[in-house]
Structures are given as C-alpha cells and as structure tokens.
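[1] using only what follows, build the 3D model:
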Amino acid sequence: MLDNIITFAINKLIMLKLITDYETNIVYFSEWIKDFRCYGAITKILDKYQVKHELLSFTKDYWARDYMPVQTSESTFIQYCYNPDYLQAKTSYITDPTASCKHLNIDTIKTDIVIDGGNIIKCKDAIIMTDKVLCENPTYSKSELINQLEVLFQAELILIPWDRNEPYGHADGMVRFIKDKKILLNNYMDFDRGLRKNLVKVLSPHFEIVELSYNVPKLSELSWAYINFLQVGNLILLPAMEIDEDEQALCLFEEIFNTNIEQIDVSEIVPQGGALNCISWNIKQ
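    Sure thing, here's the model as predicted:
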C-alpha cells in the first residue's frame with residue numbers, strides 16, 4: 001500500500017503535458033466510414049490542407065474514437081477496456097483494437113478500466129470525463145478509480161455530471177478543449193439550464209468557459225453536434241446539418257478558434273448519435 005501511495009505521489013509531480021488535438025498531424029477513420037456520402041467531402045478538405053489521412057483495418061463499426069487508444073505523448077498510447085454497456089446486446093459491433101494497433105506498429109499500455117474514447121477530453125494537464133466511468137467500473141471505489149486514471153494518464157482528472165439524455169456518457173458531446181486553460185461548453189443554456197449550472201460549478205475552478213448558444217426561432221435537437229468537431233493541427237472540420245443553426249455555429253467557431261475552419265454536412269451521421277470527432281481518431285506521428 002505504501003509503495004502505491006509513493007508511486008502515485010511521484011506521478012503527481014511529473015504529470016505530462018498531454019498531446020491535444022491542435023498538435024496532431026494525421027487522422028484515421030474506420031474503413032466502414034466509406035459507406036457515408038460525407039467521406040468524400042471530408043477527404044477532399046483534408047487533402048486541401050495537406051492533412052494526412054488513412055483508413056483503419058480490422059474495425060467492426062464506423063465509430064473510431066471509442067475503441068482506439070488515447071495518445072498521451074508521442075510514444076505513449078493508453079489502451080483501456082472497450083466493453084460498452086450500450087453494445088452488450090450487439091457485441092458483434094465491439095472492436096478489439098489490438099489488430100489495428102499492431103498493423104500501425106503502435107505499442108500500448110493496457111488497463112482493465114472500462115472506458116469509451118469519446119469520454120476522454122485531453123486538456124494539456126487534465127482530462128475531463130463524465131462520471132459514467134464510475135458506473136462502468138464497479139469493482140473500483142471512486143477514490144481508487146480516480147487515482148488509477150490520474151496515474152495512467154499522468155494528468156488531473158475532472159469528473160463532470162453525465163448528461164442522462166445521452167446514453168453513451170461521452171464527454172465529447174459536452175465539452176471540448178480550446179487552448180491553455182480555456183474550454184468550450186455546449187449550448188446547455190439553450191435546453192438544460194440545470195445541467196449547465198452543475199457543469200459550470202465543476203469546471204469553473206479549473207477553466208475559463210466559453211459557451212455555445214444559438215438564436216433561432218426553434219432550436220433543433222441536432223444542435224448539440226457542432227461541439228463534436230474534428231480538429232487536426234490547425235484545421236477544424238465543423239459539422240453542418242442543414243438546420244438554421246449552421247451559419248451561426250460557423251461564425252461562433254471562427255470567433256472562438258484562431259484556426260482554419262471548414263464546415264461539412266454530416267446530417268446522415270448525427271442521427272446515429274455522433275459526429276466528426278466520433279468517426280475519427282487523430283494522433284501526432
């Protein structure tokens with residue numbers, strides 16, 4: 001027990017500066033993404049900005065973010081246990097990323113902790129996750145799980161309340177990292193002010209919060225999806241859904257992010273429960 005405490009204390013002192021999206025330079029997609037019309041538009045824009053992109057082999061689903069490992073440094077990849085509760089009745093869709101990683105010559109550090117990649121937001125010296133991760137790992141006490149995750153990712157863990165209207169428990173539909181100590185919060189002020197209050201309470205001691213909001217006659221139920229953008233280096237691919245909020249979202253993101261932004265119609269994907277961050281996996285090579 002004492003050895004574990006000492007190890008944890010040492011790890012606390014040498015926490016990494018995590019690789020974040022604006023430092024990545026290559027993006028991968030599951031080979032199943034070719035079934036969607038938007039894939040051609042995505043690759044066209046990536047080629048325009050000379051961003052490398054490839055397809056992952058050995059995948060069983062078009063969502064790539066959830067099962068691929070989390071890169072914490074140029075040579076360190078954390079592979080969690082991908083065994084989501086929402087796929088227990090459809091286990092044929094659960095991808096074991098081992099073959100994909102072997103094909104890419106990526107060695108991983110493995111853990112038995114159950115996580116979805118979409119529930120990990122890297123913020124340089126912290127990671128944000130929804131507290132669904134506590135429900136998914138009942139064999140750990142809360143303190144044990146937090147300690148294990150902080151040692152594993154070499155970063156402070158910030159747990160936010162799970163948005164129960166979203167069964168997957170993913171943080172990448174709720175918050176995203178901008179830069180330094182600044183994060184983007186989804187437009188909860190438009191549709192769930194109670195949850196917004198709780199999120200701000202948890203996040204404000206750690207970050208400056210920038211919030212999304214849209215001024216339209218009738219808010220679309222798809223408006224949550226803009227925050228599920230893909231950022232690779234100095235390029236952001238922003239979802240569009242052919243709704244009133246599309247133009248406002250583009251203007252907001254151009255004000256918030258000092259980078260190149262291109263909008264892509266992903267209306268065929270968003271009703272499935274995800275958007276551009278969910279279908280991609282970007283790393284620094």
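[2] which residues touch the residue lying closest to Thr20 once chain neighbours are set aside?
    Spatial nearest neighbour of Thr20, chain neighbours left out: Lys122 (5.2 Å); criterion: CB to CB, 6 or more residues apart in numbering. Heads up, the C-betas are built off the backbone N, CA and C, glycines and all. Counting by CB atoms under 8 Å, 6 or more residues apart in numbering, Lys122 makes contact with Leu18, Ile19, Thr20, Asp21, Val70, Thr72, Ala155, Phe177.
[3] which residues touch the fourth one?
    With contacts defined as CB under 8 Å, 6+ apart, Asp21 is in contact with Lys122, Phe177, Gln231, Val232, Asn282.
[4] can you pull the pLDDT of the last one?
    At Asn282 the predicted local distance difference test score is 98.
[5] with the fourth one instead?
    On the pLDDT scale, Val232 is placed at 98.
[6] just give the number of residues close to it.
    Look at Val232: counted by other CB atoms under 10 Å, it has 23 neighbours.
[7] before we move on, back to that, which among the contacts of Lys122 gets closest to Asp265?
    Nearest to Asp265 among the contacts of Lys122: Asp21, at 21.5 Å, using CB to CB.
[8] got phi/psi on that closest one?
    Note on Asp21: backbone dihedrals following degrees, to the nearest 10 are phi -60, psi -40.
[9] look up how far Lys197 lies from it.
    Going from Asp21 to Lys197 by CB to CB, to the nearest Å gives 27 Å.
[10] cool, and Leu237?
    Using CB to CB, Leu237 is found at 31 Å from Lys197.
[11] same question for Ile178.
    21 Å.
[12] for these two, indicate the residue with more neighbours.
    Ile178 (21 against 11).
[13] spit out the contact partners of the more buried one.
    Contacts of Ile178 by CB under 8 Å, 6+ apart are Leu184, Val210, Ile256, Phe257.
[14] wait, which of the contacts of Asp21 is closest to Ser92?
    Of all these, Asn282 has the smallest distance to Ser92: 26.4 Å, by CB to CB.
[15] quick check: the gap between that closest one and Gly233.
    Applying CB to CB to Asn282 and Gly233 gives a distance of 9 Å.
[16] count of residues packed around the nearest residue to Val202 once chain neighbours are set aside?
    In this structure, Val202 finds its nearest non-sequential neighbour in Ile160, 5.3 Å apart by CB to CB, 6+ apart. If you count neighbours by other CB under 10 Å, Ile160 ends up with 21.
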